[in-house]
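**Q** task: produce atomic coordinates for the following.
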Amino acid sequence: MKIKKKVRKISKEAITKNMDFASVMHKHPETAEVFFKHGMACFGCPMAMSESIEAGAIAHGINPDKLVDELNKALKKKK
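**A** Okay, the predicted model is just below:
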């Protein structure tokens with residue numbers, strides 16, 4: 001029996017609200033402007049290592065879906 005593995009490649013996928021800040025910011029530094037725009041200076045925050053974008057957005061009073069949309073638009077601009 002063959003088991004298929006799903007491998008997530010952040011660099012080729014859209015950003016989702018379940019991804020953690022640290023991975024997104026490391027792979028996509030162009031997203032920093034979006035985070036800063038919303039008062040999220042996550043680069044130096046210890047929570048960024050394990051917190052999802054959704055949890056961080058909610059903690060900052062930001063709609064997670066709108067934040068993710070903006071982050072993905074920043075990715076498209078780079079391409």
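**Q** read off the pLDDT value for residue 34.
**A** Looking at residue 34, its pLDDT stands at 94.
**Q** try residue 6
**A** The predicted local confidence for residue 6 is 46.
**Q** the one 5 residues further on now?
**A** For residue 11, the pLDDT comes out at 46.
**Q** same thing with the one 5 residues further on?
**A** pLDDT, the model's per-residue confidence, is 96 for residue 16.
**Q** which helix or strand contains it?
**A** For residue 16, there is no enclosing helix or strand under DSSP states H and E.
**Q** can you classify the most centrally placed residue in the chain by secondary structure?
**A** In the chain, the centroid-proximal residue (CA atoms, centre = their mean) is residue 24; its distance is 4.4 Å. Three-state assignment for residue 24 (DSSP: H, G, I helix; E, B strand; the rest coil): helix.
**Q** so what's it up against?
**A** Neighbour list for residue 24: 10, 15, 31, 53, 71 [criterion: CB atoms under 8 Å, 6 or more residues apart in numbering]. Where you see a C-beta, it was placed from the backbone N, CA and C, and this is true even at glycine.
**Q** and it, what pLDDT?
**A** With respect to pLDDT, residue 24 scores 91.
**Q** and for residue 1?
**A** We note a pLDDT of 51 for residue 1 in this prediction.
**Q** from residue 16, how far out is the residue nearest to the centre of the chain?
**A** 9 Å (CB to CB, to the nearest Å).
**Q** what sits in contact with each of these two?
**A** With CB under 8 Å, 6+ apart, residue 24 and residue 16 have common neighbours residue 53.
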